[in-house]
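Engineer: Below are the sequence and a predicted model; questions follow.
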Amino acid sequence: VLCRLINSLHPRGQGPVAKIQASAMAFKQMEQISQFLQAAERYGIAATDIFQTVDLWEGKNMACVQRTLMNLGSLAVAKGDGLFVGDPNWFPKKSQENRRVFSEDKLKEGQSVIGLQMGTNRGASQAGMTGYGMPRQIL
């Protein structure tokens, strides 16, 4: 199923997994899983986001398998090459570059503004403060 999935994200006849075997032998099934993983990495999934073959085979780390499939879906939607068929809202949206260009006048204008995140010292005074070492006055 995974090999058919990765092949469906490529143009017909150009799928990365050439021979999909439906063997009941454990070795052949694990080999198919590793072929899917190699194809997913070539597709663009980061090596750190790909599960290990034993994670799926033994069913011990299914969350990692799910993360890989979610990343694959997000990447397929983001590519926008028309090969993804399904609801794109199932997958988290990949961030895209949003480059901005400001004029010199706008940049100079921003240098004279004190942002509210930095705070301000207007209205600050030391009235009512006691010196160090003095007991606190509770009224």
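Structural biologist: Happy to help now that I have it. This is a predicted model, so every value here is computed, not measured.

Engineer: where does residue 86 land on pLDDT?
Structural biologist: We have a pLDDT of 79 for residue 86.

Engineer: Also residue 133?
Structural biologist: At residue 133, pLDDT is 71.

Engineer: those helices in this structure, which residues are they?
Structural biologist: Remark: helices assigned in the chain by DSSP state H are 2-8, 26-43, 53-57, 62-79, 104-111.

Engineer: which stretch among those comes nearest residue 15?
Structural biologist: helix 2-8 (3.1 Å; C-beta to C-beta). Bear in mind the C-beta positions are built from the backbone N, C-alpha and C, glycine included.

Engineer: what does the closest one rub up against?
Structural biologist: Helix 2-8 is contacted from outside by 15-17, 20, 32-33, 35-36, 39-40, 43, 72, 83, 85, using C-beta atoms under 8 Å, 6 or more residues apart in numbering.

Engineer: Just the buried residues of stretch 13-26, please?
Structural biologist: For stretch 13-26, burial by neighbour count (16 or more other C-beta atoms under 10 Å) applies to 15, 16, 17.

Engineer: Kindly report the same for stretch 85-100.
Structural biologist: residue 91.

Engineer: Could you list the low-pLDDT ranges of this protein?
Structural biologist: 114-131, 137, 139 (pLDDT under 70).

Engineer: sorry, back to before: what's the closest of the helices of the chain to residue 94?
Structural biologist: helix 62-79 (4.2 Å).

Engineer: and that closest one, what other elements does it pack with?
Structural biologist: helix 26-43, helix 53-57 (3 or more C-beta pairs under 8 Å, 6 or more residues apart in numbering; DSSP states H and E).
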